[in-house]
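1. Based on what follows, work out the 3D shape:
(one chain, ligands or ions: 1)
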Amino acid sequence: MDAEGSYKDVFTRVPEALIPAPTLTVLLKPQNQSRGKPVDALTALQTRTAAPRLVEPAPNAAELEQILKAGLRAPDHGMLRPWKFLLVEGEGRQKLAQMFVEATQPDTEERKQKLLTTPMRAPLIIVGVATVKEGKVRPNEQVCSVAAALQNMSVACHALGYASIWLTGGMCYDNRVKLGLGLKETDEIVGFLYVGTATVQERPVPQHNLADFVQRWPA
Ligand SMILES: Cc1cc2nc3c(=O)[nH]c(=O)nc-3n(C[C@H](O)[C@H](O)[C@H](O)COP(=O)(O)O)c2cc1C
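-> Prediction:
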């Protein structure tokens with residue numbers, strides 16, 4: 001983060017026109033002073049679960065910086081840095097909801113209400129975007145890099161005592177929404193990572209039988 005509190009290059013705020021001015025400074029304001037000690041990496045990786053309902057507090061500025069840095073350790077074929085992360089918080093979420101409605105013109109009141117309420121389900125949304133570049137690295141691999149970054153961020157949130165859920169849905173694939181976010185049609189919205197504090201006890205970690213998914217080759 002630079003002295004003015006902005007994340008250059010890969011961390012992009014939603015265009016200013018979409019967010020009222022006070023929201024733009026929110027990264028500078030510590031919101032949550034202490035969440036206890038971060039858990040070790042293996043524990044965090046093995047115990048993260050998605051949380052469907054998220055409330056304040058969101059990670060504070062220093063914590064968010066840690067989370068974003070964890071994201072940027074994603075593998076990256078060709079070092080293309082095909083990464084853009086839009087941070088939407090505060091009243092920016094209402095602007096996002098309005099943009100969803102204006103861009104997609106839902107044909108029923110029910111759909112409209114869903115679009116208006118979805119962005120309000122967490123205090124912070126990290127929109128993970130692959131700025132897909134032409135060349136020898138396939139678009140799918142560039143999307144994978146952003147997906148790895150989102151997963152790193154999700155685990156980092158968990159390690160710091162926060163929770164998240166990765167959601168996609170039709171808004172990810174709608175060119176009108178991409179334009180509303182200031183993106184190009186060739187960009188891929190890989191996911192909306194909703195971040196905050198879980199309201200309910202995290203659900204039990206699913207225990208998988210490794211043999212169901214893993215085998216030696218050759219057998
Ligand atoms: C690319 C991707 C897109 C997803 N989109 C949705 C979604 O739109 N709606 C949803 O309920 N879960 C979605 N999920 C799944 C949740 O983020 C979450 O993984 C799921 O609820 C299972 O919880 P767990 O991660 O704790 O196992 C998505 C996951 C991925 C990787």
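
2. near the ligand, which residues of the protein?
-> Residues of the chain found near the ligand (Cβ under 6 Å from any ligand atom) are 49, 50, 165, 166, 167, 168, 169, 191. Glycine gets a C-beta too; all of them are placed from N, C-alpha and C.

3. Skipping its backbone neighbours, what lies nearest the fourth one in space?
-> Counting by Cβ to Cβ, 6 or more residues apart in numbering, the nearest residue to residue 166 once its immediate chain neighbours are dropped is residue 191, at 4.8 Å.

4. quick one on the thing from earlier: with neighbour count as extra columns, can I get the residues of the chain next to the ligand in JSON lines?
-> Output for the residues of the chain next to the ligand, formatted as JSON lines (neighbours: other Cβ atoms under 10 Å):
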{"residue": "49", "neighbour count": "14"}
{"residue": "50", "neighbour count": "16"}
{"residue": "165", "neighbour count": "20"}
{"residue": "166", "neighbour count": "17"}
{"residue": "167", "neighbour count": "17"}
{"residue": "168", "neighbour count": "12"}
{"residue": "169", "neighbour count": "14"}
{"residue": "191", "neighbour count": "23"}
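
5. Cross these against helices and list the overlap.
-> Counting by DSSP state H, no part of the residues of the chain next to the ligand is found in helices.

6. Flag every buried residue along the helix of greatest length in the chain.
-> Counting by DSSP H, the longest helix found in the chain is helix 139-159. Residues 141-159 are the ones in helix 139-159 that count as buried (16 or more other Cβ atoms under 10 Å).

7. ranges for the strands of the chain?
-> Using DSSP state E, the strands assigned to the chain run over residues 11-13, 54-55, 83-89, 124-130, 163-167, 188-198.

8. Just say which of those is most tucked in.
-> With neighbours defined as mean count of other Cβ atoms under 10 Å, those peak in mean count at strand 124-130, which reaches a mean of 25.

9. quick one: that strand to strand 163-167, angle?
-> In terms of direction (axes from the mean of the first three to the mean of the last three Cα atoms, to 10 degrees), strand 124-130 departs from strand 163-167 by 40 degrees.

10. Report the spatially nearest residue to residue 123, omitting neighbours in sequence.
-> Residue 123 sits nearest to residue 58 (Cβ to Cβ, 6+ apart), 4.0 Å away.
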